[in-house]
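In: One predicted model, sequence on top.
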Amino acid sequence: MEDKKSNINKESILALKDGIELLSGKWKFCILHNLQNYGTMRFKDLQEMALGISPKVLSKELQELEDNLLITRTVNNTKPVTVSYALTAHAKETETVVNALIDFGIKHRKKIKGK
């Protein structure tokens, strides 16, 4: 019986570590949240919506999300060339995590302010 519990715990811990690593970074949740709410967005729009993010950091975060199959990057043949980003079907599964974190953040802010 101990081996079964140990395997379940190890599997849960590894899955948790994977999820944290995948979504770690100060801005990934903000990017996912904006794409969930507004659909396909251009780089500049994402930068404006994520208050305080630098273009370099945004590029890095977007690249990591793309590498992990959570967003797609489309180069639009416009003058000047624009790039847009959208969630993949796989990323839609993060919506409950993002919303749960928002709910927790709202409750936590109220609790701290009411201190």
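Out: Sure thing, it's come through. Numbers count the residues shown, from 1 in each chain.
In: can we go C-alpha only for contacts and neighbour counts from here?
Out: Fine.
In: isn't residue 53 right up against residue 47?
Out: Yes: taking contacts as CA atoms under 8 Å, residue 53 lies within contact range of residue 47: 6.3 Å.
In: For those two, indicate the residue with more neighbours.
Out: Comparing residue 53 with residue 47 by other CA atoms under 10 Å, the one with more neighbours is residue 47, at 18 against 15.
In: CA atoms of stretch 77-91 as CSV?
Out: Provided in CSV are the C-alpha atoms of stretch 77-91 (Å, rounded to 0.1, in the frame of the first residue of the first chain):
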residue,chain,number,x,y,z
ASN,A,77,1.7,40.2,-44.5
THR,A,78,0.9,43.8,-43.9
LYS,A,79,2.8,47.0,-44.3
PRO,A,80,4.5,47.2,-41.9
VAL,A,81,4.6,43.5,-41.0
THR,A,82,2.6,42.7,-37.9
VAL,A,83,2.7,39.6,-35.7
SER,A,84,-0.3,38.3,-33.9
TYR,A,85,-0.7,35.7,-31.2
ALA,A,86,-3.5,33.4,-30.3
LEU,A,87,-4.2,30.6,-27.8
THR,A,88,-4.0,27.0,-29.0
ALA,A,89,-6.7,24.5,-28.1
HIS,A,90,-4.3,23.0,-25.6
ALA,A,91,-4.0,26.4,-23.8
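In: Going by neighbour count, which residues in it are buried?
Out: Across stretch 77-91, burial judged by 16 or more other CA atoms under 10 Å covers 84-87, 91.
In: So what's the gap between it and the chain middle?
Out: 16 Å (CA atoms, centre = their mean, to the nearest Å).
In: which residues sit against it?
Out: Contact with stretch 77-91 is made by 32, 35-36, 39-43, 69-76, as judged by CA atoms under 8 Å, 6 or more residues apart in numbering.
In: After the host helix or strand of residue 31, which helix or strand is next?
Out: Element membership of residue 31 [criterion: DSSP states H and E] is helix 28-38. Downstream of helix 28-38, the next assigned helix or strand under DSSP H and E is strand 41-42.
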